[in-house]
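K.L.:
heads up, no residue letters with this:
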């Protein structure tokens, strides 16, 4: 892997961290009752989650490309390929593979976004992104 690819992955990790920080800050103020009280803030939460998922998928695709692998047919397969290549553990891959489906809803079926899912991600699943960063960083350190 060239230095440029490592730099690109680290850039995407920093972008992910920046968005996670913003989401964590707003998570302390949000609950089921006030989630959509301020629609602009709600849209910001949705967009922040969307960017985090896109960062994960971008990092995955950079790794897959750098290994000379064929690009998977779906975002779901992209996540599972990281497991198959030893970047993330199998159980973690199974835990986060739903990100791909949620990304597709945010992008293509945005009128069906389930507020309960948004709230659950905001309150309970942000650490999945933190763990993804840890696994990716560890893999980079061990391999490059």
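P.N.:
Thanks, I have it. The structure presented is a predicted model; accordingly, all values stated were derived computationally and were not measured.
K.L.:
okay, CA-based contacts and neighbour counts for the rest of this
P.N.:
Fine.
K.L.:
okay, and the helix or strand of the chain with the least pLDDT?
P.N.:
helix 98-108 (a mean of 91; mean pLDDT, DSSP states H and E).
K.L.:
Show me which residues of that helix are buried.
P.N.:
Using 16 or more other Cα atoms under 10 Å as the test for burial, helix 98-108 gives 99, 100, 102, 103, 105, 106.
K.L.:
helix or strand for the spatially most central residue of the chain, which one?
P.N.:
By Cα atoms, centre = their mean, the chain has its centre lying nearest to residue 53, at 2.9 Å. Counting by DSSP states H and E, the element that carries residue 53 is helix 39-66.
K.L.:
wait, doesn't the residue nearest to the centre of the chain sit right on residue 101?
P.N.:
No: counting by Cα atoms under 8 Å, residue 53 does not reach residue 101; the two are 10.2 Å apart.
K.L.:
where does residue 30 land in three-state SS?
P.N.:
State at residue 30, reduced to three classes by DSSP: H, G, I helix; E, B strand; the rest coil: coil.
K.L.:
Could you count how many residues lie near the residue nearest to residue 122 when sequence neighbours are not counted?
P.N.:
Leaving aside its chain neighbours, residue 122 sits nearest to residue 27 (6.0 Å; criterion: Cα to Cα, 6 or more residues apart in numbering). Using other Cα atoms under 10 Å, residue 27 has 18 other residues around it.
K.L.:
pLDDT at residue 27, what is it?
P.N.:
pLDDT, residue 27: 95.
K.L.:
again, but for residue 1
P.N.:
49.
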